[in-house]
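# Generate coordinates for the sequence data below:
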Amino acid sequence: MDEKEVDEKDTAYAECVLCREPTEYPESVKGVVYCPVCAWQEAQRTACSG
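From the prediction side, this is the model:
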């Protein structure tokens, strides 16, 4: 195993604020984080508003 594989397995990922699924971001990230699905849905909602 190389160092990158060990780091990826030991990293705790933040929960999505909408569906509580794991995100691509570590828990240390501050602010609102979305999983890829919710991020895409949020982008669709904000792109069509206005």
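# Show me what the helix or strand hosting Trp40 is packed up against.
Following DSSP states H and E, one finds Trp40 within helix 36-48. Counting contacts by 3 or more Cβ pairs under 8 Å, 6 or more residues apart in numbering; DSSP states H and E, helix 36-48 packs against no other helix or strand. In short, each C-beta sits where N, CA and C put it, glycine included.
# If you tally nearby residues, what's the number for the spatially closest residue to Val29 that is not a sequence neighbour?
In space, and not counting its chain neighbours, Val29 is closest to Ala14: 5.7 Å by Cβ to Cβ, 6 or more residues apart in numbering. Counted with other Cβ atoms under 10 Å, the neighbours of Ala14 add up to 19.
# Could you identify the helix or strand that succeeds the lowest-mean-pLDDT helix or strand in the chain?
Using mean pLDDT, DSSP states H and E, helix 3-10 stands out as the lowest-scoring helix or strand of the chain, at a mean of 54. Following helix 3-10 in sequence order, the next helix or strand is strand 13-15 (DSSP H and E).
# Can you tell me the centre-most residue of this structure?
Thr23 (2.6 Å; Cα atoms, centre = their mean).
# which residues touch that one?
13-16, 33-36 (Cβ atoms under 8 Å, 6 or more residues apart in numbering).
# Direction included, what does the host helix or strand of it pair against?
Assigned by DSSP H and E, Thr23 belongs to strand 22-26. For strand 22-26, the paired strands and their directions (DSSP bridges) are strand 13-15 (antiparallel).
# Now do the strand it pairs with: distance to the chain's middle.
6 Å (Cα atoms, centre = their mean, to the nearest Å).
# returning to what we had before: from the contacts of Thr23, pick the one nearest Cys48.
Using Cβ to Cβ, Tyr34 comes nearest to Cys48 of the contacts of Thr23, at 17.4 Å.
# Please work out how many residues are found near the closest one.
Tyr34, neighbours per other Cβ under 10 Å, totals 20.
# Now do it, the pLDDT please.
Listed pLDDT for Tyr34 reads 96.
# Repeat that for Cys38.
96.
# mind listing what it touches?
Counted by Cβ under 8 Å, 6+ apart, Cys38 has contacts 16-19, 21.
# Give the ChimeraX command for selecting the buried subset of the residues you listed.
Buried residues within the contacts of Cys38, by 16 or more other Cβ atoms under 10 Å, are selected in ChimeraX with:
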select :16
